[in-house]
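Colleague: Got a sequence here, can you model it:
(2 chains)
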Amino acid sequence: MTNISQALAALQAEALTALEATADEAALEQVRVRYLGRKGSLAAILRGLADLPPGERPAVGKLANEVKERLEAALTARREALQAAARAAVLAAEQVDVTLPGRPVPMGRLHPSTQVLRRICQIWADMGFQIYRSRDIETEEMNFELLNIPAHHPARDMWDTFYTTVDGILLRTHTSPGQIRAMREFCPNPIRVILPGMCYRYEQITARSEIQFHQVEGLAVGRHVTMTDLKGTLISFAHRMFGAARRVRFRASHFPFTEPSAEMDVECMLCEGAGCVVCKQTGWLEILGCGMVHPEVLRNGGYDPATYSGFAFGMGPERITMLKHRIEDIRYFWTNDLRFLEQF
Amino acid sequence: MRVPISWLKEYVDTPLPVPELAERLTFAGLEVADIQTVGLPGSALPWDPGRIVVGQILEVRPHPDADRLVLATVEYGAGQPKSVVTGAPNLRVGDTGHKVALALEGARHWDGTSPAPVPTVLKGRKVRGIYSDAMILSEKELGLSEDHTGVLLLDAPAPVGMPLATYMGDVVLDLEITPNMARCLSVQGVAREVAALTGGRVHSPQARMQADGDPIEGRVAIAIADPTLCARYAATLITDVTIGPSPEWMRRRLRLAGIRPINNVVDVTNYVMLEWGQPLHAFDYDVLVRRAKGVPQITVRPAKAGELLTTLDSVVRPLTRERLLITDAAGPIAIAGVMGGAETEVTHATRAILLEAANFHFVSIRKTTQALKLPSEASARFGRGVPPSAAVPAAMRATELMRELGGGRIARGVADCYPAPQVPSVVLLTTDEVRRILGMELSRAEIERILTALEFRCEPQGETGLRVTAPDHRLDIGTGVTGAADLIEEVARIHGYDRIPVTEMADRLPPQRDIIPVNLEERTRDLLAVAGLQEVITYRLTTPEREAQLSPGDDSPAERAYVRVANPISADRVVMRQSLLPGLLEVMAHNARLRDRLWFFEIGPVFLSGGTLELPAEPRRVTIGMAGRLAPASWRDPDPPRTDFFDLKGVVESLLRGLHLGAARFEPTTHPTFAPGRTARLLVEGHEVGILGEIHPQVRAAFDLPPGPACLAELDLEALLARVPPTHPVVGVPRFPPALQDIALVVDDGVTAADLTAVIRSAGGPLLAEARLFDVYRGQQLPSGKKSLAFSLVFQAADRTLTDAEVEAEKRRIVEAAARRLGAELRA
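Modeller: Numbers count the residues shown, from 1 in each chain, chains lettered A, B, ... in the order given. Have a look, this model is predicted:
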């Protein structure tokens, strides 16, 4: 072994020890310059290579390269280790309390009545029932007489009415006057419309009753519209609105503008029909009123009741929302307290 | 209508248990709203069959130590008779034989002295030195009524020792009667429904009277002035009656049906009214004779102006021509179908009764009931229609019952004035028509079976038809197509709605159309919600005062033509709104206590009254209200900035962009609701569509909003949506990079951002793709009266990358135009 070989071995050992001892990248750079730099120890040794006999040069040269490569590899490894440690230290320092609350995102929302109205209208639109919008302030004739509810008729008792100071003008008590308006507009074409809108009743405002509420009315008129269609169509609606497996039943009822008339009950979605407070232990919830359009009403709409028939139905979106979410006070809807609205 | 099952079963056989019966009735349109059990298991306090039994008083003796108490010995069919101490005033020393409800030790009953229902258990104890382990119960203690003045005395046939629950336990169905079911305002009417639904038979009560007095003829005369108001007036006469309490069975049934027992004559009129649905009225015949000084002449006629009647509630009532009266020669004696007169009322001294069974037109009765605010069981029935055919049978049935309960002699015959006999409805119904409406096949035999069960008379007509005659008690059956619909409903209802099949609609789909205003309105809602606003829906009824608060400067706002409610339910809901702003401001004030951020919108109509007869216009508006902080305070940002005008404007601009509306301009304006200098009117394509701004501090105070800016916008939704283009062009994304240039221009303070932007845009030419104002500066570095507006300019060519020279030339042109037209200087 030549002196140079020994010097290389010593250099390698010394350099490796120095590398291991470095604490950061700056120190590492100093070590690199000291041993591997252009004026470093390895370069100094290699300058002595020229003094060797030519026969020894290849072996020593090879050895020198090996030492250089080994040191460079060690340097790279050490640098990566130091970088990893530095990253880890930064991350450790930047650790956050993930249980702190997220930054609040101010959200806009639609009113619950709008949400359920849209849902109802969407389902009906899919069945070919299009929205027909009608007015809030109506004539007594449209709201009552033409719907087969003559003045002083006992059926008038079914609606507590806000009248205006103008004789014969009132706040509609139901969306049904829109039936007449739609019929008069579309006659003699067949009709499938849905009439959403605000209605008004002369009632004390309590947890159970309001002076205004939405109604969604539906009307189908044609030459072949039957009560079996009424049942089938409403059951389809109920299955989409309340669940495909939900049972539905029809009870005889009375509305002056339909005959036969019915109420549709849907199996209570809160107790699955077992009986609970909301369904008053019956297992059923009264969801909508419906029936075959009364011949007088068809006639008032311009359709000959001997050849045309139709069905109509009406439901209350607020009531449906209350049933679905166990809301016990209808006044929440128009109070617009954010603590209520934010839950939808 | 409250129907005791025991009474119902007297007229119809039905094997159905009560819950099932109730369900059948409900499904057939007679909704059972409530089932109330009395004394039987399931009631609030069932009568223990072993501990509450029928007893009989053997003897009543004085209590040795107490003047107000007596000692009754009561036999109850088992063991030793019980000694009972009682203070009941209807048990007196010496009484014997009375049947009573006896409670034995351990029996649960209601506390008779407590005002609220409190259950208590009978324990043996000494009362004034005498031990007693039984008790004679009052109606209140049994839960029959609130009466605790005496003990319940049962009728003589009550079997001693029988559990009271067996003797008189009952179930009461509370029925909701829809207007078409007025016939079921009687137990018989309900019995008919039960019979038709269950196949049972109806046993009508006997309408026969044992009359052995002198004939009624010549003892009363009846005349009807207007048969359209009074179709029939029938009367019977009974003399030598003794007025007294009714037997317990009748009192019990009346109580269960919700009517307070009074005396045998009054109770009979009520009882028969419940049985037949025919209201009756009893006059003191002797008073009528005295008034007439001879034979009473009953005339049914409208009141004459100025007539007065003291009704039996002791109120002197002035009468008008709309009131139908029962009169005699001396004047009014009753308001027809609504209330009798005090003078001819039945009293304890009454000996002879003229019983009225009349038929009054429902409209007349309804008007009178409403005008005088005198609803009664009678007017409820007349007001919904009573068949004239019921008058005579009901009168005879009631007169006979009076004789049975009060003795006396019935005058032979009925005085019956019936100028307009009832005409039964006759309808031709075919199986085709039934199929056309119901959509299902029902045979003629099946239809006939159902209608016959409901007492319709059916005769076959042609191949598939039936000629159907309605029974007298069916006033709800019309004629022609309506009559057919009425019958089809009967067929469907009795057949059972649950047995009607289900089909999909086969009829032609109507022409489909797009309802653009509705679609765009919903899009508007979405856009505003996406912008972070909460939708609200407020009352459409308000007050003019509330709306006047929007115009604080205006001391005498012109009386606007409001749609005004004639019968408001409360003072704060009297007119239809003409603005959505007050409602929105109230929502903001309400929520200000709850939340930092108050961003709301509402879409809905306002009501603008045009004239006196026309219906009002109902234009739809969109309103936006924004106040409070931009975000809720949080640990990341404990003090978020407050909403100001430009947040509102940003929301409005987003809405306009979202609707793809064309050129919009915001012009400064003034308005009493808004703060001067912070208000703009919005023009779209040159048309004014609304206003936005910061609210005037006085308005803010009037609506109790907290301090800090509150911003409002009210836009005419229809004007806005009318300008939404059916479609809008989309520009491709450029392939070449844009050139960006920022410039700051110093202008006089009076120059608006819009002025400068317009100059920049017009000078910029086709290469200027965007000019966005990003900074406004006033201050030390500028002379006073000057401001610097900084714009970020984007230059873009579709076909090449712009050179620096080109961009520089564009920029120079813009700066020169600004300098020339607005005196702007490029800020160094």
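Colleague: Can you give me the pLDDT of the residue nearest to residue B:517 when sequence neighbours are not counted?
Modeller: The shortest distance from residue B:517 to any non-neighbouring residue, by C-beta to C-beta, 6 or more residues apart in numbering or on different chains, is to residue B:721 (6.0 Å). C-beta: built from backbone N, CA, C; applies to glycine. Per-residue confidence at residue B:721 stands at 95 (pLDDT).
Colleague: neighbouring contacts of the host helix or strand of residue B:721?
Modeller: Using DSSP states H and E, the element containing residue B:721 is helix B:717-722. With contact meaning C-beta atoms under 8 Å, 6 or more residues apart in numbering or on different chains, helix B:717-722 is reached by B:516-517, B:520-521, B:524, B:603, B:619-622, B:659, B:661, B:684, B:687-690.
Colleague: Can you show me the strands along the stretch 101-250 of chain A?
Modeller: Taking DSSP state E, counting those that start in this stretch as the test, the strands found in the stretch 101-250 of chain A are A:130-131, A:137-139, A:169-171, A:191-200, A:212-222, A:248-255.
Colleague: elements contacting the second one?
Modeller: In this structure, strand A:137-139 makes packing contacts with strand A:169-171, judged by 3 or more C-beta pairs under 8 Å, 6 or more residues apart in numbering or on different chains; DSSP states H and E.
Colleague: near chain B at all, the strand it packs on?
Modeller: Yes. Contact of strand A:169-171 with chain B (C-beta under 8 Å from any C-beta of the partner chain) involves A:169, A:171.
Colleague: Now do the buried residues in that strand.
Modeller: A:169-171 (16 or more other C-beta atoms under 10 Å in any protein chain shown).
Colleague: cool, stretch A:7-19 as well?
Modeller: So for stretch A:7-19, counting by 16+ other C-beta under 10 Å, buried means A:7-8, A:11-12, A:15-16, A:18-19.
Colleague: on that earlier part again, turn the strands of the stretch 101-250 of chain A into TSV, columns for mean pLDDT.
Modeller: Output for these, formatted as TSV (pLDDT from 0 to 100):
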stretch	mean pLDDT
strand A:130-131	95
strand A:137-139	96
strand A:169-171	95
strand A:191-200	97
strand A:212-222	97
strand A:248-255	95
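Colleague: now those as CSV including distance to residue B:655?
Modeller: Below are the strands of the stretch 101-250 of chain A laid out as CSV (distance: least, C-beta to C-beta, whole Å):
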stretch, distance to residue B:655
strand A:130-131, 22
strand A:137-139, 28
strand A:169-171, 31
strand A:191-200, 23
strand A:212-222, 24
strand A:248-255, 41
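Colleague: and after the helix or strand of chain A with the lowest mean pLDDT, which helix or strand comes next?
Modeller: Each helix and strand of chain A was given a mean pLDDT (mean pLDDT, DSSP states H and E); the minimum falls on helix A:41-47 at a mean of 83. Downstream of helix A:41-47, the first helix or strand assigned by DSSP H and E is helix A:57-93.
Colleague: out of the strands of the stretch 101-250 of chain A, which comes closest to residue B:700?
Modeller: Residue B:700 lies closest to strand A:212-222 among the strands of the stretch 101-250 of chain A, at 27.1 Å (C-beta to C-beta).
Colleague: which residues does the closest residue to chain B within chain A contact?
Modeller: Nearest residue of chain A to chain B: residue A:226, at 2.6 Å (C-beta to the nearest C-beta). Shown in contact with residue A:226 (C-beta under 8 Å, 6+ apart): A:292, A:309, B:436-440, B:503.
Colleague: Please report how far it lies from residue B:439.
Modeller: Here the criterion is C-beta to C-beta, to the nearest Å. By it, residue A:226 lies 3 Å from residue B:439.
Colleague: Report the set of residues contacting both of the two.
Modeller: Here residue A:226 and residue B:439 share the contacting residues residue B:503, scored by C-beta under 8 Å, 6+ apart.
Colleague: Need the distance between the two termini of stretch A:331-344.
Modeller: 16 Å (C-alpha to C-alpha, to the nearest Å).
Colleague: Can you classify residue B:398 by secondary structure?
Modeller: helix (DSSP: H, G, I helix; E, B strand; the rest coil).
Colleague: Just give the nearest non-adjacent residue to it, would you?
Modeller: Closest to residue B:398 by C-beta to C-beta, 6+ apart is residue B:272, at 4.0 Å.
Colleague: you'd agree residue B:195 is in a helix?
Modeller: Yes. Assigned with three-state DSSP, residue B:195 falls within a helix.
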